[in-house]
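[1] with the sequence up front, the predicted model follows.
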Amino acid sequence: MRTVSVDGGIADHPLSPPTGPLAARTRGLRKTYGPTVAVDHVDLDVPEGAVLGMLGPNGSGKTTTIRMLLGLVRPTAGEATLLGHAMPDEAGHALPDVGALVEGPGFHPFLSGRDNLLRLAAAEPRLGGGDIPGAVDDALERVGLTAAARRRYRGYSLGMKQRLGLAAALLVPRRMVVLDEPTNGLDPAGTREIRSIIAELHASGVTVLVSSHLLAEVEATCTHVAVLHAGTVVAQGELAELLETGNPGLVVSTPDTTAAMEALRGGRIPSRLVPEGVRADLTAATAPEVVACLVRAGVPVHEARRARTGLEDLFARLTQGETNGEDRPERDGLSDVVETDGEDT
Ligand SMILES: Nc1ncnc2c1ncn2[C@@H]1O[C@H](COP(=O)(O)OP(=O)(O)OP(=O)(O)O)[C@@H](O)[C@H]1O
């Protein structure tokens, strides 16, 4: 297996490729829509038992990759394997073991949340008729939707719709769960609940693939990360390893950044301004040396902490000049069903 390294000089060290079995794998995956290249050369490895965060700015190809993995969209080129089965051709073998929260197919607007789940549960090959109501009520409870279970789907908020989608994914025990932007539309309490559901799934050995454009969310929940940019995976590996890539630094908070920069320049310690103050490069000096240099020069040091490097730097660079999702329209992730295969080139 080839070594995966971080592109563009952010990290000098190659990241270790996964050594164990893979729950999902793509090679040379490509998808075009007319002149738009949505995904290109995507080689993604999702190790079994991992919580892999697929991180990337809006439009970087996360949803398209997930849809190809789930067999919802046929790749223009390349291959995708899910739980050992080639997708989309062997979807019938893979999908019963995979719970997914992705855009569409939508729920019925005039049925209650519970009735929607009862309909979906009836189609689950793993559930016998007598097990269905219990499985539905357990899933509703797990996502905190019991109180609203008998209200019509049409009146649900975006967050409630996300919860119902998650409940559908968790109707039966799965080997793998795929969640496309699961916290979209959720308030902080809802976001915490999703995190704890992901942690529970991980603890019980389920592989989780979760997409997000929020760095903090991925850092809080994932064991592995794949960073997408412009349709391509630019970095992937274990989160801990990615966090350590790049040059180590010390971020110093000080009200006098000009004096701090001058003192560090005098001490031949490379440094640059950052929003919190000054970031000194720790390849040239140790943290105590940086602080001593500043104190000797009479620079007030309010706080000094080690800078996070790899993932943060990489993601900042990727999202530079982009909206970071702030002006992104709220999407109803579950009700817009747009099957797009007809638009293939
Ligand atoms: N059905 C489609 N028809 C045309 N272009 C599409 C279609 N689906 C995706 N694209 C384009 O492919 C690119 C990747 O989109 P995709 O939705 O996969 O990105 P994403 O990373 O999931 O973005 P977001 O975070 O906004 O959901 C974008 O330029 C998008 O406009």
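    Now that the structure is in, tell me what you want to look at.

[2] which parts of the protein are helices?
    62-69, 91-94, 113-122, 132-142, 158-169, 188-203, 215-221, 239-244, 257-266, 287-296, 310-319 (DSSP state H).

[3] residue 175 is nearest to which of the ones you listed?
    helix 91-94 (9.3 Å; CB to CB). C-beta here means a position set from N, CA and C on the backbone, and glycine is covered the same way.

[4] so what touches that closest one?
    Contacts with helix 91-94, where a contact means CB atoms under 8 Å, 6 or more residues apart in numbering, come from 70, 71, 82, 83, 84, 85, 87.

[5] the lengthiest strand in the chain and the ligand in contact?
    Across the chain, the longest stretch assigned as strand under DSSP state E is strand 22-33. Yes. Using CB under 6 Å from any ligand atom, strand 22-33 reaches the ligand at residue 33.

[6] from now on call the first residue 48
    With 48 as the first residue, the last one maps to strand 69-80.

[7] what mean pLDDT does that strand get?
    What strand 69-80 shows for mean pLDDT is 96.

[8] one more: stretch 145-157?
    84.

[9] deepest-packed of the helices of the chain, please.
    helix 109-116 (a mean of 26; mean count of other CB atoms under 10 Å).

[10] including pLDDT, distance to residue 64 and neighbour count, could the contacts of helix 138-141 go into CSV?
    Listed next are the contacts of helix 138-141 as CSV, based on pLDDT from 0 to 100; distance: CB to CB, whole Å; neighbours: other CB atoms under 10 Å:
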residue, pLDDT, distance to residue 64, neighbour count
117, 94, 24, 22
118, 93, 25, 20
129, 97, 19, 29
130, 96, 20, 20
131, 95, 18, 13
132, 96, 22, 18
134, 95, 22, 24
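
[11] which one of these sits closest to residue 308?
    Distances from residue 308 to these, taken by CB to CB, are shortest for residue 117, at 50.5 Å.

[12] wait, doesn't that closest one sit right on residue 150?
    No. In this structure, residue 117 is not within contact of residue 150 by CB atoms under 8 Å, at 11.0 Å.

[13] spit out the contact partners of the residue nearest to residue 211 when sequence neighbours are not counted.
    The shortest distance from residue 211 to any non-neighbouring residue, by CB to CB, 6 or more residues apart in numbering, is to residue 160 (4.9 Å). Going by CB under 8 Å, 6+ apart, residue 160 touches 154, 187, 192, 195, 196, 197, 198, 200, 203, 207, 211, 214.

[14] closest one to the ligand among the helices of the chain?
    Nearest of those to the ligand, taken as CB to the nearest ligand atom: helix 109-116 at 3.2 Å.

[15] can you give me the buried ones in stretch 96-110?
    96-104, 106-110 (16 or more other CB atoms under 10 Å).

[16] out of those, which touch the ligand?
    103, 106, 107, 108, 109, 110.

[17] grab the nearest non-local neighbour of residue 309.
    residue 344 (7.4 Å).

[18] OK, contacts around the residue nearest to residue 224 when sequence neighbours are not counted?
    Spatial nearest neighbour of residue 224, chain neighbours left out: residue 146 (4.5 Å); criterion: CB to CB, 6+ apart. By CB under 8 Å, 6+ apart, the contact set of residue 146 is 215, 216, 217, 218, 219, 221, 223, 224, 225.
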